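Student: build me a model:
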Amino acid sequence: MLNFEYCSPTSYIFGKGRERETGSYIKPYTNKNKVLIVYDTERITECGLLKTVTDSLEEEKISWCKLSGVVPNPRFSLVKHGIDLVKQERADFVLGIGGGSVLDTAKAIGAGAAYDGDAWDLCTGTYAERSLPVGAILTLAATGSEGSMFSVISDDQTGEKLGIAGEAIRPKFAVLNPELTYSLPAFQTACGACDMMSHIMENYFTNSKGTFMIDRLIEGLLKTVIEYTPIALREPDNYEARAALMWASSLANNGSMGLGRISDTGIHAAAQAIGGKFDKTHGATIALVIPPIMKKLYKKNLGRYVQYASKVWGIEPNLDHPEETALKGILKTQTFFKEIGLPSKMSDLGIKNPAEYVDELTESVDIDMWQATPGYTVGITKEELREVFKETAE
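Tutor: So this is what the prediction gives:
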């Protein structure tokens, strides 16, 4: 196990009805008693969630303003608008109500409002040293943004996904009420499950030694997602299933599963190229690339893939033919994605003539940048990446 330092300052507030207490969680962090609420559509107004939250703010004598219109693959233009609104309204706290796109937008607004220069700098490599305090009310279990130090924002002009990073942007608290995910469409539930699996996998497929303890935690998380996603799809209001997925999502991306090891980022490198180019749901593009990436990389870390097949999928290892075991684990992964309704080809997402974009997608990924990212374990070559995109385009 490698040396590490870990601090997760996010307070996780889990359970039924906890959103009714939001005002009391914000009160210690606001001096001006003014909150910017960020969300996507009027869906949260129609279901009564917005009123529940604003009532709790008013009970604490906290005023508020709001910003709606967040879309999947959230845009920098809305972030800029949010920064302007914070300054105009003199708000000193940002509350995101929604899934990963909303929370990423809220975190970007918080960082941009506290930055002295052009907020675009934060999307292009400048570390976010400061931020307004940010809070989260989660309505979609997927990205784990409610506890992470990252925000992913899209360039309005090119669609390119750009990252903001900084410990300062971790939410101060995250309200996790599984009941708020009951009304999610099945496709969004499935995409969320795939996204959290990708975060877990990027920690799991490591070359680091001495990782027994966290390996078992990671395998348990993966098995939890595999167990409860079909249940949530069959029974959308099954509290146990929704609760398990919501907490798995948070654990998958709060940094704890990457402790003591070098992690990987290849899945997101490929998926973000497709999502940025065609503006497709992140979890769906993740599902496209995980199986072909596994097929390209398993020989470079064969023992780890055999372990994955055995511990996660219950496949009896073939000691004489370990590659056979590894491939069975990859096939089980691919089959699981199909069974929960996720795409396996770009055409499944309505992308026309996808083969025409293979070279463009390949060139759009900055391999050197991704492999320079702390944690890249085995590396993927340009040609291997091209073959990954080619498989999704067939």
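
Student: just confirm V152 is within a strand.
Tutor: Yes: counting by DSSP: H, G, I helix; E, B strand; the rest coil, V152 is part of a strand.

Student: so it is in contact with A165, correct?
Tutor: No: V152 lies out of contact with A165 (CB atoms under 8 Å); the separation is 10.0 Å. C-beta coordinates here come from the backbone N, C-alpha and C atoms, glycine included.

Student: of these two, who's got more company?
Tutor: Taking other CB atoms under 10 Å, V152 and A165 do not tie; V152 has more neighbours (25 against 16).

Student: what's near enough to touch that one?
Tutor: 74, 104, 161-164, 272 (CB atoms under 8 Å, 6 or more residues apart in numbering).

Student: where do the strands sit along the stretch 101-250 of the chain?
Tutor: Counting by DSSP state E, counting those that start in this stretch, the stretch 101-250 of the chain has strands at residues 134-138, 150-154, 161-165, 173-176.

Student: now do the second one against strand 161-165, angle only.
Tutor: Computed by axes from the mean of the first three to the mean of the last three CA atoms, to 10 degrees, the angle separating strand 150-154 from strand 161-165 equals 150 degrees.

Student: need the CA coordinates for strand 150-154. CSV is fine.
Tutor: Only the C-alpha atoms of strand 150-154 are listed here, as CSV (Å, rounded to 0.1, in the frame of the first residue of the first chain):
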residue,chain,number,x,y,z
PHE,A,150,-13.6,17.9,-9.4
SER,A,151,-16.1,19.6,-11.7
VAL,A,152,-16.5,18.8,-15.4
ILE,A,153,-17.7,21.6,-17.7
SER,A,154,-18.2,21.7,-21.5
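
Student: re the thing from before, as TSV, the strands of the stretch 101-250 of the chain with mean pLDDT and distance to S364 would be great.
Tutor: Output for the strands of the stretch 101-250 of the chain, formatted as TSV (pLDDT from 0 to 100; distance: least, CB to CB, whole Å):
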stretch	mean pLDDT	distance to S364
strand 134-138	98	30
strand 150-154	93	13
strand 161-165	89	10
strand 173-176	98	32
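
Student: tabulate those strands (JSON lines), appending distance to D195.
Tutor: Below are these laid out as JSON lines (distance: least, CB to CB, whole Å):
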{"stretch": "strand 134-138", "distance to D195": "13"}
{"stretch": "strand 150-154", "distance to D195": "11"}
{"stretch": "strand 161-165", "distance to D195": "14"}
{"stretch": "strand 173-176", "distance to D195": "16"}
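
Student: now for the contacts of V152: which two are most distant?
Tutor: Distance extremes for these: the farthest pair is I164 and Q272 at 14.1 Å, using CB to CB.
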